[in-house]
Each structure stands twice: as C-alpha cells, then as structure tokens.
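> the sequence isn't on hand, but the structure is:
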Ligand code: SF4
C-alpha cells in the first residue's frame, strides 16, 4: 500500500479525536537539531470544518482487536485497514515539520495484537524521532489502556503530552458500548502519568537538568451524546479530573454517528450546541473560579441550550448584581456575563489611572451586549431606555438579542470552542514580543 | 499644514520624532516618502535619517517609558498605516509626560490608536508563524514566498531560526521584495530579486501531495463550515498555501 493511501486511512480514523492543541510545553531546540515547542501552541491551518490543524494527528494502525460500538475502527466493522512502519511515520513527521505544515505529531493507535505490543510500536517511533532525528517539536501520544507500566513511563520521557481518552463518562456506558474496556484500565494509566509528572517536578526542583516528563501535561476526551449521561454527570467528572488528576484539558466531542447498533442512540446530527455549552462551562471551571454545583444540580442537570452557562448562573443569582465596574475585584468581574479574562484584566489595568464610564469600556474592547444588564459605571446603568433588572425580563432580552443568532450560528459557535487556544495564544505572543 | 517626510526607514521615523521634539514642531503628518501625496497647501520638511538621533530617541523611550513602548511603536511602524507616524508621535509625547504607566491609559486615544495597530501586527505575525509553507528547492534551500497585509515578515526571523536551526531557508515577502535569510548560523534581511524560476527538489511535490491528502482526510464532513475556516484563515493568505490549491 502506498503512503498516500495510508495517510488517507490512518488520518481519517484519527480525526474524531478533537484535541489538536500543541500548547503547554516549552521544549527547546538542541544544537544541530530541528524543532521546538511554542508554549501557547501554534495553528498551522484550518480544515474546511473550521478546526485548527496544529499536529499531524494520525493513528499508527487502525486494525483493532477490540470492538467498541461507537468506534469506526472496531473489529467488527468492515473498513480498509492500514499500518505504518516506524520509519514511514518518522519520515512523514520530519518532512511535514520542515515545511512548516505542522507543529508536531499527535500519535494514537488502535489496539493491534495487544496493548503492550501497540505501546511498544508508538514508543519506538517516538524514540527514533527524538534520538535519531534530533526532533524537538511537540509530541502528543496516547497511552494505550492496559499497557505495561514501564512502557508508559518510558514513553513519558520523550513526549510533551500524554492522554488517555475516557470517551464514556460512566461505567454503565462503558459496559454498554465498550465492553472490553473497564474504568480501571483507563484510570490506571492516568494515575501513572500523574505521578510521573509530580515526581518529575520534584526532581526538576532538585536538579535543573533532570529530563522532562510530559511537560505539557495530560488531557482526555469525553464523547457527548452517545449515552444517556447528563451534563451534570459529565461536568462533575471533568471537575474531579482537573482536581484529582491535574489534567490540563478535558475535550468534549459531540457524538457523530459512525455506526448503528441497538445500544447506540439514533440522532440526526452531532449535538454541537450541547458540546458548545459544555466547553463554556469547562472554561468557567478552569479560569473563572466556578464549581460545577453552581452551574447545575439534580433538579437542573442539563444546560439550557439557549443560554450560555454564565448568563444562566447570573440570572439565577441576580441579587449579586449589578456590579460596579470601578470597584469590583477581579473574580467578581469575571462572573459578569460578557466579561472574560482579558476584559477583566484590562478593566483592572485601566482603573489604575481612569474612572471608567461606558464609553471607556467600549474602547477597552468590552462587548456590552450581555454585560450591560449586570453592571454599573460610576453608579449608573447603561444609558438605554428602561434597562430590565428583574431576572425574567433580563432573560427575555438576552434571548431576544441572540437567540435567533445562536441558532443560526450554532455550528460556528461550536467550532470556536474547538480552538479555545486562540485567546491565550494572542495574549502570550503580545508578551513574548515585548522583547524584540 | 506641516508634513514631515522621512525616508521610510525606522531610523528615519525616530529621527523625525527627535526633530519634532527638539524643534517644538507640531507636524500634521509624518509620512514615508513613497507614501506621500503632495498638495500645494502642504509645507514639507524632509528628514534625513540620523543614527545618532534615532539612538537617542530609542534610549529615551526605554528609560522614560518602557521596553514595551518601544515594541509598540516598532509594530505601529510596521503596520504601514497612513497615520502611523503621527500616532507614534502623539503616543510618545503622552508617554514622555506620564512615564511608565502610559499603557494603562487604555481608553485614551493616544494609547488606543497604537494598541489597535499593535494588535493587528501581533495577529498577523502569529498567523504567519503557522501558515508559512516552505518548499524544498533543488539546491536544498527551503523557500517560502508570502504576501502579507503588514510588513511582518521581518518579525519571523527569530522564530524560524530557532526552530528550523539545521536548514537553510528564505522567507520571501513578494510584495515588498525582501527576504529573511537563514544560513544555519544566523538570520538576516536582504532585498530579493528573483531572476530565475524556482526549481523544486525531486521529492517536493510528493510531500505536497501527502499534505493535501492529510488535509482532506482530517476534515469531518458532518461539520463543514467554510465561513469559520476563512474567519481564522482569511482568503487573502491562501495564495501560497499548498493545501488550499
Ligand atoms: S480500542 Fe480504540 S480503536 Fe479499538 S475499537 Fe475501541 S475505541 Fe476503537
């Protein structure tokens, strides 16, 4: 089989993995070597579906001994199969990298022969890249569930990020759709990576020259909408992954029907808006100081698809508003719908020298469409006739203003969240370029 | 109406700032010669670029305002915006008055005008770091032609010299006719005149095909959204993108 066909088959089945981020690592180039990592990540292209292409995202092989119901590569599925050799993969990566097509490699694999055998193949390719090609670009590799501890630890020494996809958010769902996988086989490698990272940080503390271990951290992915699990369950899971496993990112992937099976739901299209709401909520957990129980509870276990989670929270907590822009602290500002991290930082900065009015806010680049119902400047609401202040009419106004638009742009919104790096990216560059 | 006309170099611009400051002039515009449209109401002063004056302005900015301010005006200059010169003068006047804290006046027009330009340059620079495509030529040089909106190619030298440390490359700003060259030890800028067609290495087209195939298969057909794609990657940059051909 020629290389073009292999790429076709092996990237085609890797594409449902949404993570493409190349961020979080600051690996430097070595003398006579090629490549380095940009801490905030770099996008190299955008596919026609609007997703950022940063890494060469590809499977080593798509021949699988397992039969997970939701997966294109399941053993019972009749699809063409292909495998790379380590040489082919190394060559491809280097040649793409030298032409600046990619930021690095994201290597995953179906399980061929056994988890250990698969992990060995991945390790071999990556080692060759690092040691023989002196490649120092970004490498993200999947830890294969069930692979031997030493293999996973050894791999960690060569890569920037490692991940294990949980995919299904509960044991029941696993049993239903991926009966050969267990919660333990997934959680175990995550624990290994976590302790490897912690141990490495301690070593680094003692000796600066200690080799790196997964410096870009670990991430995982959850499939949305293939099972009955509600948003609350999913968000709680993410929250504990951030807290107990120190994950860098949890990715959400709207389930795209790739097969029909009685255990799978029949849906007309991927639940993109739901995925989008989960990404928004995930941001609230990570950067805005929210916790999951503020956003959802047993009575309301799913997000309102029409309203973003922060606006939903603000409307339920209207007694905490309005917030005075010139007085509120950082975290209070962050809780205002429409004010993000960058906006809050700008407000704090500008407040040092100016008492801010609404005109100033506009120049700071702050969009008032949502915020105006929740803030005052110099004690006054936004100058607009009859600004609503009770929860029901605020909600109506918000929906009126963008309900229709959200529906029209639903896919667009969703894609934006697939590239959440973009804001951070720009901020970071601004800082880097400070020293020209 | 008083216009300062400089030679188009950054040194020239800083010299203009120096002169405006020390002559206590208030020019209406500070424009590069090649962008100057004459009209009979305009009084002209031609500025001779002067390395000494330029260095003094540079030092004053670093000492009295900040290093960031220096970067800001450099970026504003690279924007080639028609008002860049006068925006820079206003910004620096303000900066010399209030000092280090100048950039906190986010809603003051003198700061706002510069910041807007800086954001645009920063964005383009960031985008280019990703979407430049090198082609391997027969003589083993990696060659990347680009057409950019702003004059940002010169900001990419450090990034690619660090990253592609062991390959000889040229980034060619086709519109402005200059290139960023790297020879495996250092990078430098120089004018370019292409007097022959570029000849690809025998393997080049093969890798281009593989890349196009990858680009095609990575797309999720249920989620096609060309508008979003061109929001992130505006069409004006597609010309030299292998995967968009
Ligand atoms: S083990 Fe992975 S590749 Fe194999 S069927 Fe399950 S999800 Fe698909």
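Yep, that arrived. On a predicted model such as this, the values are computed, not experimentally measured, just so you know.
> helix/strand/coil for residue A:189?
Here residue A:189 is recorded as helix under DSSP: H, G, I helix; E, B strand; the rest coil.
> how about the nearest residue to it, chain neighbours excluded?
Once flanking residues are discounted, residue A:189 sits nearest to residue A:143: 4.2 Å by Cβ to Cβ, 6 or more residues apart in numbering or on different chains. The way it works is simple: take the backbone N, C-alpha and C, and place the C-beta from them, glycine included.
> what about the strands in chain B?
B:2-6, B:29-32, B:43-46, B:135-136, B:142-146, B:169-173, B:178-182, B:187-191 (DSSP state E).
> can you give the strand pairings for the first one, parallel or anti for each?
Taking DSSP bridges as the criterion, strand B:2-6 pairs within the sheet with strand B:29-32 (parallel), strand B:43-46 (parallel).
> OK, contacts around residue 76?
Because you didn't say which chain, this covers chain A. By Cβ atoms under 8 Å, 6 or more residues apart in numbering or on different chains, the contact set of residue A:76 is residue A:67.
> chain B is the one I meant
Contact analysis of residue B:76 by Cβ under 8 Å, 6+ apart lists B:84, B:87, B:88, B:91, B:114, B:117, B:118, B:121.
> adding distance to residue A:240, write those residues out as TSV.
Output for the contacts of residue B:76, formatted as TSV (distance: Cβ to Cβ, whole Å):
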residue	distance to residue A:240
B:84	51
B:87	51
B:88	52
B:91	49
B:114	45
B:117	45
B:118	41
B:121	42
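> greatest separation within the residues you listed: which pair is it?
Using Cβ to Cβ, these span at most 14.6 Å, a distance reached by B:91 and B:121.
> how near is the residue minimising distance to the centre of chain A to residue A:59?
Using Cα atoms, centre = their mean, the residue of chain A that lies closest to the mean C-alpha position is residue A:251, 3.9 Å off. Taking Cβ to Cβ, to the nearest Å as the measure, residue A:251 falls 17 Å from residue A:59.
> my guess is the residue nearest to residue A:189 contacts residue A:166. True?
No - Residue A:143 is beyond contact range of residue A:166, at 11.9 Å (criterion: Cβ atoms under 8 Å).
> pick out whichever of those two has more residues nearby.
More neighbours surround residue A:143 than the other of residue A:143 and residue A:166, with 27 against 22 (other Cβ atoms under 10 Å in any protein chain shown).
> per-residue pLDDT, the more buried one?
For residue A:143, the pLDDT comes out at 91.
> anything in the longest helix anywhere in chain B near chain A?
Counting residues, the longest helix in chain B under DSSP state H turns out to be helix B:109-131. Yes - applying Cβ under 8 Å from any Cβ of the partner chain, one finds helix B:109-131 in contact with chain A at B:112, B:118, B:119, B:122, B:123, B:125, B:126, B:129, B:130, B:131.
> tell me the residues of chain A that contact the ligand?
A:64, A:66, A:68, A:71, A:73, A:74, A:110, A:111, A:178 (Cβ under 6 Å from any ligand atom).
> which among those residues gets closest to residue A:184?
Compare each of the residues of chain A next to the ligand with residue A:184 using Cβ to Cβ and the shortest gap goes to residue A:178, at 13.0 Å.
> surely the closest one touches residue A:68?
Yes - contact criterion Cβ under 8 Å: residue A:178 and residue A:68 qualify, at 4.0 Å.
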